[in-house]
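In: Prediction below, plus the sequence it came from.
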Amino acid sequence: MPGEASSPGIMLLAYHLPNRLLGLSKQNLSLMSRTAMSLQSFGSTIRRRFLESEALRGFGLLSPTLLAMVFGLAMPLLILFTLSFWLQDYVDFIKTFSWKNYSDFFAKPIYGMILIKSIKISGVVTLATVLLAYPMAYFIAFRVQKNKLVWLILITVPFWTSYLLRVFAWKVMLGYNGVVNSGLKSIGLISEPLEFLLYNPFAVTITLAHAWAAFAILPIYVSLEKIDRSLLEAARDLGENAFMSFVRVTLPLSMPGVIAASLLVFIPTVGDYVTPSLVGGPSGIMIGNIIQSMFGKAFNWPLGAAISVMSMLTVTAMICLFLWGTHRFRRKIA
Amino acid sequence: MSDAIISFQGVSKHFGSVKAVENASFDIQRGEFFSLLGPSGCGKTTLLRMVAGFEIPSAGEIMIDGQPMSATPPNHRPVNMVFQNYAIFPHLDVRNNIAFGMRKAGLTRTELDKRIDEALELIKLPGYGKRGADELSGGQRQRVALARALIKQPKVLLLDEPLGALDKKLREQMQIELRQLQQQIGITFLFVTHDQEEALTLSDQIAVMSEGEVMEIASPGQLYESPGSRFVADFIGSMNFFEGEISASTDSAVTVQTPVLGEVKVTGSDAGVSTGQQVWVAIRPEKMQPVFSDPGESVNTAGGTMGVSAYLGDRSHFYVHLPQREDPVLVALQNLERSMTHLHKPSQPVWLQWASDAVVVLPRD
């Protein structure tokens, strides 16, 4: 658009022209007042530049977050990355470049196994959470007519207490003499308490899936809520039944919400160490527990850093794979 | 000779205490361009949605091609709809939008591609197949919605105010295209609109609706020239109404005594009135001729003074004040010459004249 491109130039010219004329006609102005004037005009030029430039204003709005991200995320990550190439010598670091931590990571199969197990557990948690959250989000988006806000607030109710309390609540539920076992016993379905409920990957999965449900429901709800209802009527009108209308219209249009929900659940749960250490038992141990012990009892920060980096790289790879897969899925069902 | 494709048999629809449609009974003939016309909230869209199957009648039955439809879900009805906002699937390109309803048609890939190409040709958008829904203008979206419905070869195409979102020029162009398309393919169109001009332009038959009831069903010409009720006369176009009483009536002509217009002779009006009956005398603005010197007649003539005027380009509107009448009478005149300044003089004495067959007589309660 030539009109748009030229108008700032014209505005600048219109702004500077009177100043120039002023400067020419009053040559006997003292140096000081002229300096003051040019300073003033410099200030307003800056202000004008700032108002004209989308990018500058954008950076202005971003800067608080940007600062927090640089100092709170990028710098620690950089330190962690550097640390992963150092070595631990009792309480000191050997600050020379070394691949040893990474070769240790690949030499001892335990780390890789636990990383894979963590990803498996998180994958199952993500799948379970999204599958359970979708009907809930669907219900609120399509079936609840009024007071949707009440429903959304109800979903966040578990977050009104501490996360630890919720994990302990699951301990109470799943424990040897817990709610589930005593309940089943009292109605006579079992004679001895079930032992497979607690202190294993199953308990970790249930606890995590419950804890992260709201993070899956909300993005799916938003993407469902945005779908124009006439699109679903159009699908019915064009000969599809309710189920196929869902598959061909609702599902693909809600995929952004499903993807967001999956990432929001998968990424944090891979690195979780509180839940596995409380309800996971020896078999439910996850990569977060290993990293935590490296920075704690085992006291090998560089190795911990290397495991963290490996974990991060694996998660990144998984996400890329997931995004590629969902993209293909969307194109296929469409 | 009745060949009804859609038959409404005492159809009503109530939403709680709101009566959206009340006892609609009429037929739509095969191959017709049929319009449902009425102000917003008159129940025309509800009626259309009942044909599509998105609403189930509270009472009565809708027959499509002789089959009762109450128990048939939308996906099994032989009708397709063009939605008001077009409802183009945003995750699909134009081709896949048009192909959406053809999944179960049992066509091979090549056959389907051929049909889609034909459809794109029909809506004059060849080469647009790979465009996304967000890369289309309003008029193009409307065409894609049309093609998507027409490729299913429905017995009736339902159109829910499809031209409402387009600007005036494009709307007029689409009206002509729609009419041509309907005549070309010969499918029955059931068209919902609140725009009376649009309904007059497009339709073979128009059903005028008000507050859930069908007021009158007639051809555009009949509706405009001999409306059956004051509501229809008022809703379609502009109309001047005058109170009167029948003083004499024969088979071919009636005479009406009116306080404002004096004696009015009417021919060719089939209102079926009898002497002594209270009636409305209704005259269209363009059917009154202003004269600026006393014509010396008393029948079908009324004298008054010129009020304000409005210039509309092709015609001008004048408001003429008549004695014993509060509201001015609207007179429309074609601007046949470029200079019409002599008409634009307020307070000038003016006489209005009209032909006896230009007047409509309507019963008055």
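Out: On my side now, so go ahead.

In: Quick one: the strands in chain A, in order.
Out: A:87-89, A:92-94 (DSSP state E).

In: So which elements touch the first one?
Out: Right, the one you point to is strand A:87-89. strand A:92-94, helix A:301-333 (3 or more C-beta pairs under 8 Å, 6 or more residues apart in numbering or on different chains; DSSP states H and E). C-beta here means a position set from N, CA and C on the backbone, and glycine is covered the same way.

In: what do you get for the last one?
Out: With contacts defined as 3+ C-beta pairs under 8 Å, 6+ apart, the secondary structure elements packing on strand A:92-94 are strand A:87-89.

In: Buried residues in the top helix by length along chain B, which are they?
Out: Longest helix in chain B, counting residues (DSSP state H): helix B:168-185. For helix B:168-185, the neighbour count (16 or more other C-beta atoms under 10 Å in any protein chain shown) marks B:R171, B:M174, B:Q175, B:E177, B:L178, B:R179, B:L181, B:Q182 as buried.

In: okay, now the residue nearest to B:P90 when sequence neighbours are not counted: neighbour count?
Out: Closest residue to B:P90 apart from its sequence neighbours, by C-beta to C-beta, 6 or more residues apart in numbering or on different chains: B:A133 at 4.7 Å. By other C-beta atoms under 10 Å in any protein chain shown, 19 other residues sit near B:A133.

In: same question, A:L231
Out: 19.

In: residues touching it, list them.
Out: A:V249, A:L253, B:A87, B:F89, B:P90 (C-beta atoms under 8 Å, 6 or more residues apart in numbering or on different chains).

In: So for it, what's the pLDDT?
Out: pLDDT, A:L231: 96.

In: ok, so what distance separates it from B:R141?
Out: 13 Å (C-beta to C-beta, to the nearest Å).

In: Tell me how chain B divides into domains.
Out: B:4-233, B:238-363 (automatic domain parsing).

In: looking at the ones you listed, which is buried most?
Out: domain B:4-233 (a mean of 18; mean count of other C-beta atoms under 10 Å in any protein chain shown).

In: Next, the distance between the ends of that domain.
Out: End-to-end distance of domain B:4-233: 27 Å, with C-alpha to C-alpha, to the nearest Å as the criterion.

In: same thing with stretch B:275-285?
Out: 27 Å.

In: quick one: that stretch to chain centroid distance?
Out: 24 Å (C-alpha atoms, centre = their mean, to the nearest Å).

In: which residue does chain A bring closest to chain B?
Out: A:L238 (3.2 Å; C-beta to the nearest C-beta).

In: I'd like the distance between the residue lying closest to A:V125 once chain neighbours are set aside and B:T193.
Out: Once flanking residues are discounted, A:V125 sits nearest to A:L208: 4.4 Å by C-beta to C-beta, 6+ apart. To B:T193, A:L208 is 56 Å away according to C-beta to C-beta.

In: average pLDDT for stretch A:83-101?
Out: Averaging pLDDT along stretch A:83-101 gives 89.

In: Measure how far it is from the centre of its chain, please.
Out: 31 Å.

In: before we move on, what about stretch A:173-192?
Out: For stretch A:173-192, the separation from the chain centroid amounts to 37 Å (computed by C-alpha atoms, centre = their mean).

In: tell me the mean pLDDT for stretch B:138-152?
Out: 93.

In: Do it and chain A come into contact?
Out: Yes - Stretch B:138-152 is in contact with chain A by C-beta under 8 Å from any C-beta of the partner chain, via B:R148, B:A149, B:K152.

In: returning to what we had before: now for the longest helix of chain B, which elements pack on it?
Out: Against helix B:168-185 (3+ C-beta pairs under 8 Å, 6+ apart) you get helix B:138-150, helix B:196-202.

In: where does chain B come near chain A, residue by residue?
Out: B:52-54, B:73-76, B:79-81, B:83-85, B:87, B:89-92, B:96, B:100-101, B:103-104, B:148-149, B:152.
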